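Fold the following.
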Amino acid sequence: MLFKNKVSVKWKEYFDNTCKGEDMWGHYKTSNGDLYVVIDGASSHEGTRTGGDVAKLIDKRLKEDAINIVRSKHLRELLHSINAESVKINEGAYAAIAGILHRGRGMFAFGAGDVSILAKKPNGKLLQTLPLDLNMQRDEAEQTAMTEIGTIINGKEITSENYFKRVEQYLHHGLCNAVGIGESFFLNEKSFYVKNGAALLIASDGITDPFMDPQKEAGKILKEDALKLHELINSTNDAEEAAEALKDLFWDTQVIEKRKIKADDRTGIFLFMNAAEQVESKTPV
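Numbers count the residues shown, from 1 in each chain. All right, here's what the predicted structure looks like:
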């Protein structure tokens, strides 16, 4: 008999969202694996809806439809469907989102907005897995809004006369991409395999911003740019220990170092890859 390695995942959420109440996290069972998601709502205050409404819609739809996800394409289709629904009912509100679809040793990472996915390799190196869709500059906002002329956004037609309002909307909410933004919505995505000893952190910007320099592009996170996150992830052995260490880090930073940190957008999920188990297999590997 041949044997194949299987890496299991142990996870734990970190959730401190007592301020605005617009963040959410979720763990959903699909028909072919597990889905972990962090959502960070944002409101433009132009309508009656909030980022919390968008986050609740995403959570509701994932609870209803996660069972229908077999492959990454089904998740992609579902998120585009959620975006289209949110555009219709949540005018002026958005939500950044990022998550991991885990199947066996395979990971499908996805994101839209400024929720980060940080990955620790078994050798201790820290990476940002996906690019972040951070603040849009005015020229980019104008170009994007011009491509939307003739389409319906939030129940209103974008025209050559009013597209500048769409430009201001892009600039106001601070992201160039999020759920509820309209037809320009897109997903950053990456598929990869994990090894024993790897770890992942899906985190809203209230967790990452105080402890690392903003990093728009995917890639290596230098230790000197994120010393405390490097230390936290490399010094903990499991997800629960990491979540508790993050809680202590916020406490120490505010109480001992007396540094003020914004009180919202602190939602994350730690995923640690546990020791490989030997699983009997009848097929060659």
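
middle-most residue in the protein, spatially?
Most central in the chain under C-alpha atoms, centre = their mean is residue 98, positioned 2.0 Å from the mean C-alpha point.

need the contact list for that residue.
The contact partners of residue 98, by C-beta atoms under 8 Å, 6 or more residues apart in numbering, come to 37-38, 109-113, 115-117, 130, 202. C-beta coordinates here come from the backbone N, C-alpha and C atoms, glycine included.

now the host helix or strand of it: mean pLDDT?
Element membership of residue 98 [criterion: DSSP states H and E] is strand 93-103. The pLDDT scores in strand 93-103 average 95.

swap in stretch 236-256?
The average pLDDT within stretch 236-256 is 95.

how about it: buried residues?
Under the neighbour-count criterion of 16 or more other C-beta atoms under 10 Å, stretch 236-256 has 236, 239, 242-243, 245-246, 249-250, 253 buried.

How about stretch 139-146?
Judged by neighbour count (16+ other C-beta under 10 Å), stretch 139-146 contains these buried residues: 141-142, 144-145.

per-residue confidence for the nearest residue to residue 68 once chain neighbours are set aside?
Leaving aside its sequence neighbours, residue 68 sits nearest to residue 74 (C-beta to C-beta, 6 or more residues apart in numbering; 6.3 Å). Here the pLDDT value assigned to residue 74 is 97.

How about the one 4 residues further on?
We note a pLDDT of 98 for residue 78 in this prediction.

Hmm, it is touching residue 65, no?
Yes: Residue 78 lies in contact with residue 65 (C-beta atoms under 8 Å); the separation is 5.5 Å.

Now do the contacts for the residue lying closest to residue 97 once chain neighbours are set aside.
Leaving aside its sequence neighbours, residue 97 sits nearest to residue 39 (C-beta to C-beta, 6+ apart; 5.1 Å). Neighbouring residues of residue 39 by C-beta under 8 Å, 6+ apart: 23-26, 54-55, 58-59, 95-97, 115, 179, 267.

Now do the phi/psi pair for residue 39.
Phi and psi for residue 39, reported as degrees, to the nearest 10, are phi -130, psi 130.

Which strand residues bridge it?
Assessed by DSSP bridges, residue 39 has beta-bridge partners residue 24, residue 97.

just to revisit the earlier point, most neighbours among the contacts of residue 39, please name it.
When neighbours are counted by other C-beta atoms under 10 Å, residue 95 leads those with 34 neighbours.

ok, that residue to residue 52 distance?
To residue 52, residue 95 is 9 Å away according to C-beta to C-beta, to the nearest Å.

With residue 66 instead?
According to C-beta to C-beta, residue 66 and residue 52 sit 21 Å apart.

confidence score at residue 16?
With respect to pLDDT, residue 16 scores 89.

Count the neighbours of it for me.
Neighbour tally, residue 16, other C-beta under 10 Å: 17.

list the contacts for it?
Counting by C-beta under 8 Å, 6+ apart, residue 16 makes contact with 247, 250, 266-267.

What values do phi and psi take at it?
With angles defined as degrees, to the nearest 10, residue 16 sits at phi -140, psi 90.

Residue 264 versus that one, what's the distance?
Residue 16 is 9 Å from residue 264, by C-beta to C-beta.

same thing with residue 273?
Distance from residue 273 to residue 264, by C-beta to C-beta: 30 Å.

Who has more neighbours out of those two?
Neighbour count, other C-beta under 10 Å: between residue 273 and residue 264, residue 273 has more, with 21 against 18.

Hmm, residue 28 and residue 63 touching each other?
Yes: contact criterion C-beta under 8 Å: residue 63 and residue 28 qualify, at 6.6 Å.

Look at the two and report which has more neighbours.
Neighbours were counted for residue 63 and for residue 28 using other C-beta under 10 Å; residue 28 has more, 19 against 12.

before we move on, back to that, now, which of the contacts of residue 39 sits nearest residue 225?
residue 115 (18.8 Å; C-beta to C-beta).

could you measure the closest residue to that closest one other than its chain neighbours against residue 130, distance?
Nearest in space to residue 115, with sequence neighbours left out and distances taken as C-beta to C-beta, 6+ apart, is residue 98 at 3.7 Å. Distance, residue 98 to residue 130, by C-beta to C-beta: 7 Å.

Now do the shared contacts for those two.
Shared contacts of residue 98 and residue 130, counting by C-beta under 8 Å, 6+ apart, come down to 109-111, 116-117.
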